[in-house]
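*Asks:* Predicted model follows, preceded by the sequence.
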Amino acid sequence: MTEEPEAPASLLPYEAWTAEAMREVALRALAHVAEHGLPGEHHFYLTFRTDRPDVTIPAHLRARYPQEMTVVLQHQFRDLAVDRAAGRVSVGLVFGGVPATLSIPFGALTAFYDPHVRIGFRFQPEEAASPSPPPPEPSAEAAAETPSQVVSLDAFRRKPRES
(Lines give C-alpha, C1' and ligand atoms only; values in the text may rest on other atoms or scores of the structure.)
Protein backbone atom coordinates (compact mmCIF):
# COMPACT_ATOMS: atom_id res chain seq x y z
CA MET A 1 0.00 0.00 0.00
CA THR A 2 1.36 3.41 -0.93
CA GLU A 3 1.10 6.27 1.50
CA GLU A 4 -0.16 9.54 0.14
CA PRO A 5 2.31 12.39 0.49
CA GLU A 6 1.51 14.88 3.22
CA ALA A 7 -0.02 18.12 1.97
CA PRO A 8 2.41 21.03 2.08
CA ALA A 9 1.87 23.71 4.71
CA SER A 10 -0.22 26.55 3.35
CA LEU A 11 1.11 30.06 3.20
CA LEU A 12 -2.50 31.27 3.01
CA PRO A 13 -4.71 31.44 6.15
CA TYR A 14 -7.42 29.06 4.90
CA GLU A 15 -8.46 27.97 8.41
CA ALA A 16 -8.97 31.57 9.55
CA TRP A 17 -10.88 32.42 6.36
CA THR A 18 -13.13 29.38 6.79
CA ALA A 19 -13.86 30.24 10.42
CA GLU A 20 -14.61 33.84 9.43
CA ALA A 21 -16.98 32.66 6.67
CA MET A 22 -18.85 30.30 9.02
CA ARG A 23 -19.22 33.05 11.64
CA GLU A 24 -20.55 35.35 8.89
CA VAL A 25 -23.23 32.78 7.92
CA ALA A 26 -24.37 32.61 11.55
CA LEU A 27 -24.44 36.41 11.83
CA ARG A 28 -26.45 36.73 8.61
CA ALA A 29 -28.99 34.23 9.95
CA LEU A 30 -29.27 36.17 13.21
CA ALA A 31 -29.58 39.50 11.36
CA HIS A 32 -32.28 38.04 9.10
CA VAL A 33 -34.28 36.85 12.10
CA ALA A 34 -33.76 40.21 13.85
CA GLU A 35 -35.35 41.92 10.85
CA HIS A 36 -37.99 39.39 9.74
CA GLY A 37 -38.57 37.03 12.68
CA LEU A 38 -38.03 33.27 12.75
CA PRO A 39 -39.49 31.58 9.66
CA GLY A 40 -41.30 28.25 9.96
CA GLU A 41 -39.75 25.82 12.41
CA HIS A 42 -36.29 27.39 12.41
CA HIS A 43 -34.71 28.13 15.78
CA PHE A 44 -31.15 28.66 16.93
CA TYR A 45 -28.85 27.38 19.61
CA LEU A 46 -26.20 30.02 20.25
CA THR A 47 -23.16 29.11 22.37
CA PHE A 48 -20.71 31.71 23.63
CA ARG A 49 -17.91 32.25 26.13
CA THR A 50 -19.10 33.87 29.35
CA ASP A 51 -15.63 34.30 30.82
CA ARG A 52 -14.68 37.16 28.52
CA PRO A 53 -14.80 40.63 30.09
CA ASP A 54 -16.54 42.06 27.01
CA VAL A 55 -19.57 39.72 27.35
CA THR A 56 -22.45 41.47 29.11
CA ILE A 57 -24.76 39.14 31.02
CA PRO A 58 -26.32 39.29 34.50
CA ALA A 59 -24.01 38.29 37.35
CA HIS A 60 -26.21 35.33 38.37
CA LEU A 61 -25.85 33.84 34.87
CA ARG A 62 -22.09 34.39 34.83
CA ALA A 63 -21.90 32.63 38.22
CA ARG A 64 -24.00 29.72 36.96
CA TYR A 65 -22.15 29.48 33.62
CA PRO A 66 -18.60 30.64 34.38
CA GLN A 67 -17.07 29.59 31.04
CA GLU A 68 -19.68 28.90 28.37
CA MET A 69 -23.42 29.17 27.92
CA THR A 70 -25.93 28.08 25.28
CA VAL A 71 -29.17 29.96 24.73
CA VAL A 72 -32.07 28.94 22.51
CA LEU A 73 -33.72 31.54 20.30
CA GLN A 74 -37.11 30.05 19.52
CA HIS A 75 -40.34 31.29 21.09
CA GLN A 76 -39.61 33.81 23.80
CA PHE A 77 -36.89 36.27 22.94
CA ARG A 78 -37.02 39.97 22.22
CA ASP A 79 -34.96 42.79 20.76
CA LEU A 80 -32.56 40.57 18.81
CA ALA A 81 -29.98 42.83 17.18
CA VAL A 82 -26.78 42.31 15.23
CA ASP A 83 -24.66 45.45 15.57
CA ARG A 84 -21.91 45.14 12.98
CA ALA A 85 -20.32 48.47 13.91
CA ALA A 86 -19.93 47.39 17.54
CA GLY A 87 -19.27 43.73 16.60
CA ARG A 88 -21.99 42.44 18.95
CA VAL A 89 -25.21 40.44 19.08
CA SER A 90 -27.73 41.40 21.73
CA VAL A 91 -30.95 39.68 22.72
CA GLY A 92 -33.50 39.82 25.51
CA LEU A 93 -34.40 36.54 27.19
CA VAL A 94 -36.13 35.45 30.39
CA PHE A 95 -34.33 33.30 32.97
CA GLY A 96 -36.43 31.95 35.84
CA GLY A 97 -39.07 34.59 35.19
CA VAL A 98 -36.53 37.42 35.28
CA PRO A 99 -35.90 39.31 32.01
CA ALA A 100 -32.29 39.87 30.99
CA THR A 101 -30.46 41.35 28.04
CA LEU A 102 -27.35 39.57 26.80
CA SER A 103 -24.73 41.38 24.74
CA ILE A 104 -22.25 39.07 23.08
CA PRO A 105 -19.26 40.11 20.97
CA PHE A 106 -18.99 38.19 17.69
CA GLY A 107 -15.62 36.84 18.80
CA ALA A 108 -17.13 35.21 21.91
CA LEU A 109 -19.42 32.96 19.82
CA THR A 110 -18.30 29.33 19.84
CA ALA A 111 -21.23 27.58 18.16
CA PHE A 112 -24.36 28.18 16.12
CA TYR A 113 -26.92 25.48 15.34
CA ASP A 114 -30.29 25.48 13.58
CA PRO A 115 -31.76 22.05 14.39
CA HIS A 116 -34.66 22.44 11.96
CA VAL A 117 -32.30 22.07 9.00
CA ARG A 118 -29.39 20.47 10.89
CA ILE A 119 -26.95 23.25 10.07
CA GLY A 120 -24.35 24.08 12.64
CA PHE A 121 -20.94 25.63 13.01
CA ARG A 122 -18.28 25.56 15.72
CA PHE A 123 -15.88 28.45 16.05
CA GLN A 124 -12.73 29.10 17.98
CA PRO A 125 -13.41 32.12 20.16
CA GLU A 126 -11.34 35.11 19.21
CA GLU A 127 -9.14 36.79 21.78
CA ALA A 128 -10.93 39.57 23.63
CA ALA A 129 -9.50 42.96 22.88
CA SER A 130 -7.66 44.04 25.97
CA PRO A 131 -8.52 47.52 27.10
CA SER A 132 -5.82 50.04 26.34
CA PRO A 133 -3.94 51.29 29.37
CA PRO A 134 -4.98 54.71 30.63
CA PRO A 135 -2.73 57.58 29.60
CA PRO A 136 -0.21 58.64 32.25
CA GLU A 137 -1.31 61.39 34.58
CA PRO A 138 0.56 64.65 33.95
CA SER A 139 2.71 65.95 36.74
CA ALA A 140 1.46 68.93 38.76
CA GLU A 141 4.09 71.16 37.15
CA ALA A 142 3.12 70.12 33.62
CA ALA A 143 -0.59 70.58 34.41
CA ALA A 144 0.06 74.09 35.66
CA GLU A 145 1.98 74.97 32.48
CA THR A 146 -0.62 73.55 30.06
CA PRO A 147 -3.51 75.87 29.23
CA SER A 148 -6.98 74.33 29.58
CA GLN A 149 -8.81 73.37 26.40
CA VAL A 150 -12.43 72.50 25.76
CA VAL A 151 -12.87 69.75 23.18
CA SER A 152 -16.19 68.94 21.53
CA LEU A 153 -16.97 65.22 21.76
CA ASP A 154 -19.03 65.42 18.55
CA ALA A 155 -15.84 64.94 16.56
CA PHE A 156 -15.33 61.53 18.18
CA ARG A 157 -18.89 60.17 18.01
CA ARG A 158 -19.76 57.60 15.40
CA LYS A 159 -21.90 58.97 12.62
CA PRO A 160 -25.05 56.93 11.83
CA ARG A 161 -24.74 55.01 8.59
CA GLU A 162 -27.02 56.12 5.82
CA SER A 163 -28.96 53.45 4.00
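*Replies:* Arrived safely. Numbers count the residues shown, from 1 in each chain.
*Asks:* which residues in the chain form helices?
*Replies:* 14-36, 59-64, 140-145 (DSSP state H).
*Asks:* just those helices: most buried one?
*Replies:* Among the helices of the chain, helix 14-36 has the highest mean neighbour count (mean count of other CB atoms under 10 Å), at a mean of 14. C-betas here are computed from N, CA, C, even on glycine.
*Asks:* What is that one packed up against?
*Replies:* Contact analysis of helix 14-36 by 3 or more CB pairs under 8 Å, 6 or more residues apart in numbering; DSSP states H and E lists strand 44-49, strand 78-83, strand 109-114, strand 119-122 as its packing neighbours.
*Asks:* I'd like these as a markdown table, with mean pLDDT and mean neighbour count appended.
*Replies:* Shown next, in a markdown table, are the helices and strands packed on helix 14-36 (pLDDT from 0 to 100; neighbours: other CB atoms under 10 Å):
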| stretch | mean pLDDT | mean neighbour count |
| --- | --- | --- |
| strand 44-49 | 94 | 20 |
| strand 78-83 | 94 | 15 |
| strand 109-114 | 93 | 19 |
| strand 119-122 | 92 | 15 |
